[in-house]
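Colleague: Coordinates for the following, if possible.
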Amino acid sequence: MKTCLLSFWCLGCVDAPLAETQPQARIVASWNPLACGEPHRVVIELEDDDGGPLSASVPCNIGGVTIDVRHWGVYRGRIYAWTLGPVITSVAPVRLEVDAPVIYWTVATPP
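Modeller: Next up, the predicted model:
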């Protein structure tokens, strides 16, 4: 009886989900919220060398956003202003090297 009980508990441990892994780094992007102009969102889209995408968007008047990064490396992408609809404005290509646990990144305010 004890053997069955022990094997039952061992099987229960195997089925437990793995803990979420913490991001290896964080990008803290910021801009001047007073230069936002008309209400819009700021969108940051990045991609690592393997094609892994990262993206975030917030209202411009917040003045910043934090993006969790899975691994260090070089990320390329774009930052742009977006309002409801198909029009994307103020597109700026970007390149960012993530080589520390926290990257503070000041970007130009997309108007």
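Colleague: mind listing the strands for the protein?
Modeller: Along the chain, counting by DSSP state E, strands occupy 25-30, 41-47, 53-59, 64-69, 73-82, 88-98, 102-106.
Colleague: for these, which one ends up most surrounded?
Modeller: Most buried of the strands of the chain by mean neighbour count (mean count of other Cβ atoms under 10 Å) is strand 41-47; its value is a mean of 20. No exception for glycine: its C-beta is placed from N, CA and C like everyone else's.
Colleague: partners of it, with directions?
Modeller: strand 53-59 (antiparallel), strand 73-82 (antiparallel) (DSSP bridges).
Colleague: Just tell me which of those ends up closest to T106.
Modeller: Among the strands paired with strand 41-47, strand 73-82 comes nearest to T106, with 11.7 Å by Cβ to Cβ.
Colleague: hang on, the earlier thing: next, format the strands paired with strand 41-47 as CSV and append mean pLDDT and distance to I67.
Modeller: Listed next are these as CSV, based on pLDDT from 0 to 100; distance: least, Cβ to Cβ, whole Å:
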stretch, mean pLDDT, distance to I67
strand 53-59, 95, 5
strand 73-82, 94, 9
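Colleague: Adding distance to A35, write these out as CSV.
Modeller: Rendered in CSV, the data for the strands paired with strand 41-47 read as follows (distance: least, Cβ to Cβ, whole Å):
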stretch, distance to A35
strand 53-59, 14
strand 73-82, 11
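Colleague: Nearest to Q22, out of those?
Modeller: strand 53-59 (15.5 Å).
Colleague: I'd like the distance between the one residue sitting closest to the centre of the chain and P86.
Modeller: By Cα atoms, centre = their mean, the chain has its centre lying nearest to I67, at 2.9 Å. If you measure I67 against P86 using Cβ to Cβ, to the nearest Å, the figure is 24 Å.
Colleague: For this protein, which residues score under the pLDDT cut-off?
Modeller: Within the chain, the ranges that satisfy pLDDT under 70 run 1-21.
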